[in-house]
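J.: Just the structure for this:
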Amino acid sequence: MSRSTSLDQYKQVIVVRTDLDMSLGKISAQACHASLGASEEARSRNPKIWREWLSAGGRKIVLRVESKEELIDLSKRARSSGIPRYLVKDRGLTEIPPGSYTAIGIGPDNSSKIDKLTGNIPLLK
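T.: Presented below is the predicted three-dimensional model:
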């Protein structure tokens, strides 16, 4: 396997809601919660993939959706595909109402598997 292929084999995707009007700091914190939660889920479910992902640099892609429904749908589809995921539900201590779903971490897992779920979702800019 070539170096570029091994680097691209696994990734994690973080998807953040943009309809909540969160500040950049809040978005960053929610993305971190999603990434860490999904990483821990992946580590417990498939330590081999998790270690390979980390050793290749821990590739992460951050995307955006416009609604709670899109986030929940992604979570359901990831679960049914067997991909580790972590759905963030905010405690409501700062900017948004308690119980708001803000982000989801998907993977790390095989890049092509994740692309089937997230390939059409736009990048967060």
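
J.: Any idea what the residue nearest the centre of the chain is bridged to?
T.: What sits nearest the mean C-alpha location of the chain, by CA atoms, centre = their mean, is Gly105, with 2.1 Å. Beta-bridge partners for Gly105, by DSSP bridges, are Ile14, Tyr86.

J.: ok, now how distant is Ile49 from Val16?
T.: As judged by CB to CB, to the nearest Å, Ile49 and Val16 stand 23 Å apart. All C-beta spots, glycine's among them, are computed from the backbone N, C-alpha and C.

J.: Who has more neighbours out of these two?
T.: Between Ile49 and Val16, Val16 has the larger neighbour count (other CB atoms under 10 Å), namely 22 against 18.

J.: Tell me the helices and strands packed up against the host helix or strand of that one.
T.: Assessed by DSSP states H and E, Val16 sits inside strand 10-17. With contacts defined as 3 or more CB pairs under 8 Å, 6 or more residues apart in numbering; DSSP states H and E, the packing partners of strand 10-17 are helix 24-45, helix 47-55, strand 60-65, helix 68-81, strand 101-110, helix 111-118.
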